Structure formats: structure tokens, C-alpha cells
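> Sequence first, then the predicted structure, then my questions.
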Amino acid sequence: MATQQLATTNGNFRIDLQGPEGAPVLVFSNSLGTTLEMWDAQAMTFSKQYRVLRYDTRGHGASIANAGPYQFAQLGGDVLSILDSLGIEQAHFCGISMGGLTGLWLGVHAGQRLRSITVANSAAKIGAEAAWRERAAMVRANGSAAMQTLAESSPSRWFTDSFIASQPQVVQTAQAWIASIPPEGYASCCEALATEDLRAAISSIQTPTLLIGGSADPVTTVADAQAMQAAIAGAELATVPASHLSNLEAPQAFDLALGSFLQKH
Ligand SMILES: O=C(O)CC1=CCC(=O)O1
């Protein structure tokens, strides 16, 4: 993988682009506390047929991590500015959790730029405002020590117990991602999650949409995915045997659901 820094009108982003030039573009957007490396398996699979574009969301990895709070209008605008800088008019989009909410924002506000949207382990409103504000304040107060604490607590939100026991390597890699996230960037994304509520807006989405739910996801549940399916005309729903980071826990089922959906669009 050869990542690069891309200068856009919204700031600098770390991106990775692979797959045949001229193939349809497929964008992957990471979850809170992870980096574009979370999509390594999907990039390998889908870059045979698609031009795969991954990026570190603002505040994460080596992308711009300016002082927040951020908003989803900014996170969605960042995707558009990356596409613009690369001269890409339309792309498939696949985001997980926070990345899925970015996808919903794009579907509502810039649907003409997307060929399809896949929203994995996400919801039109994720969690409770007070809890996100509390987490943001804790991170601002404690800086990198807070990121270490979050690295310790995250596996139980991200993976099933059996996966934690059987795949310690994957779990440790994911913990290293969150430990390395700039505290200001992480806190600012928590504040974006605190305020975004697209429950009323997503019924305007006209872009073909796939919802992926994790059968054991305690954060964004299958019921959340069903609620989005009821709101978005023609949306499809696939459930995979996993907790929250389903592309890491159940990559084969995830790729099968995504691949068969993309084939149709
Ligand atoms: O709290 C977490 O780490 C789970 C999560 C919520 C939004 C997101 O992207 O990840």
C-alpha cells in the first residue's frame, strides 16, 4: 500500500488509491477511532474490479486534525473535496459507523455524486448526545492518556467475545489505531456524532442503498438498520454475523453482501 497526502480545498487528507485506472471508483470511509487500514481486506478484494479510494477521516490517522468541534456537513464535504481534487465525478461509497453516517449525509445532500451508498453498522442518529459530549470532554481533558484508556475499552464495543478470544492479533491492531488518533480529532468527531440526526432527512435519499447490520452489534443494532431500510426507498438490508466492526470480524460475509450489491449498480 502506498498512501499519499492529498491537498484539497478542505485541507490535507491521507488517501490510498488502488485498482485499475478507469474502473468505477469505490470509496471506503472509516469508523471513529480507526484509520483507512481498517479496509485492508476489502481493498485487496475490491481493487480487482474497482478503483478503491480510502481516506483517513478528518481528525484521524494522518489527515487534517484541526481544532473542532466538527460537523457531518464538514465530514461529508471532505469526501466531495477529495473527489473533486482527484477529478472523480461519481463514486460508490461504503462507510462504517461514523463513515456510514457520512454516507447518509452525502445521500441526503449530494446524492448525484454517488452511484450507490453502503451504510454498515450505522444509524441515522448514533448514540446519545450527552454521552458523546462526555466522551469528548474526557478526551480533551486527558489527551493521549485518554486514547490509551479508549484503546483498552474499545474491543468490547467493536468485537464479540469469541472474536476477541480467537483473533487477538486483529484486536491489538485495532487498539493500536485508536491509541494513535489525535485526541483533538477524536473529540471533535465525537461532537459531530453528538449533534447529527438524519432520521427525518434520509427518506429523501434516492441513490441505491445497502444497509449492513451486525447480528451482535451492541452500538448500532439490526433494528437501527431496519429503521433506515423502512425510511429509504428500495434500500436493501444484509445482516452479517459480527459485532460493530463487521468488515473486520466477518470479512467474507461483508464482502459478499457488498460485492453482490455493487454488481447491480
Ligand atoms: O464508540 C465506538 O467506538 C463505536 C462507534 C460509534 C461511532 C463509530 O464510528 O464507532
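Cool, got the structure.
> so residue 58 is in which element?
Assessed by DSSP states H and E, residue 58 sits outside every helix and strand.
> Give me the nearest residue to residue 249, chain neighbours excluded.
The shortest distance from residue 249 to any non-neighbouring residue, by C-beta to C-beta, 6 or more residues apart in numbering, is to residue 242 (3.7 Å). For every residue, glycine as well, the C-beta is placed using N, CA and C.
> how far away is the one you found from residue 170?
Separation of residue 242 from residue 170 (C-beta to C-beta, to the nearest Å) stands at 12 Å.
> In terms of packing, which of the two has more residues around it?
Neighbours per residue (other C-beta atoms under 10 Å) separate residue 242 from residue 170, with residue 242 holding more: 26 against 19.
> Need the phi and psi values for residue 116.
Dihedral pair for residue 116: phi -160, psi 160, per degrees, to the nearest 10.
> what does the stretch 1-150 of the chain put close to the ligand?
For the stretch 1-150 of the chain, the contact set with the ligand under C-beta under 6 Å from any ligand atom comprises 31, 32, 33, 97, 98, 126.
> Out of the residues you listed, grab the one that's most surrounded.
residue 31 (30 neighbours).
> And the residues of the stretch 1-150 of the chain next to the ligand, which two are furthest apart?
For those, with distances taken as C-beta to C-beta, the pair at the greatest spread is 33 and 126 (13.1 Å).
> what's the spacing between the spatially most central residue of the chain and residue 87?
The residue lying closest to the centre of the chain (C-alpha atoms, centre = their mean) is residue 99, at 2.3 Å. Using C-beta to C-beta, one obtains 23 Å as the distance from residue 99 to residue 87.
> ok, now residue 256?
Taken as C-beta to C-beta, the span from residue 256 to residue 87 is 31 Å.
> and if you look at residue 141?
According to C-beta to C-beta, residue 141 stands 43 Å off from residue 87.
> When these two are compared, which one has more neighbours?
residue 141 (11 against 6).
> pLDDT weak spots in the stretch 151-265 of the chain?
Judged by pLDDT under 70, the stretch 151-265 of the chain has no weakly predicted residues.
> which parts of it sit against the ligand?
Residues of the stretch 151-265 of the chain lying close to the ligand (C-beta under 6 Å from any ligand atom) are 154, 157, 193, 219, 244.
> please redo it, this time with the cut-off set to 8 Å
Residues of the stretch 151-265 of the chain found near the ligand (C-beta under 8 Å from any ligand atom) are 154, 157, 158, 178, 189, 193, 219, 220, 244.
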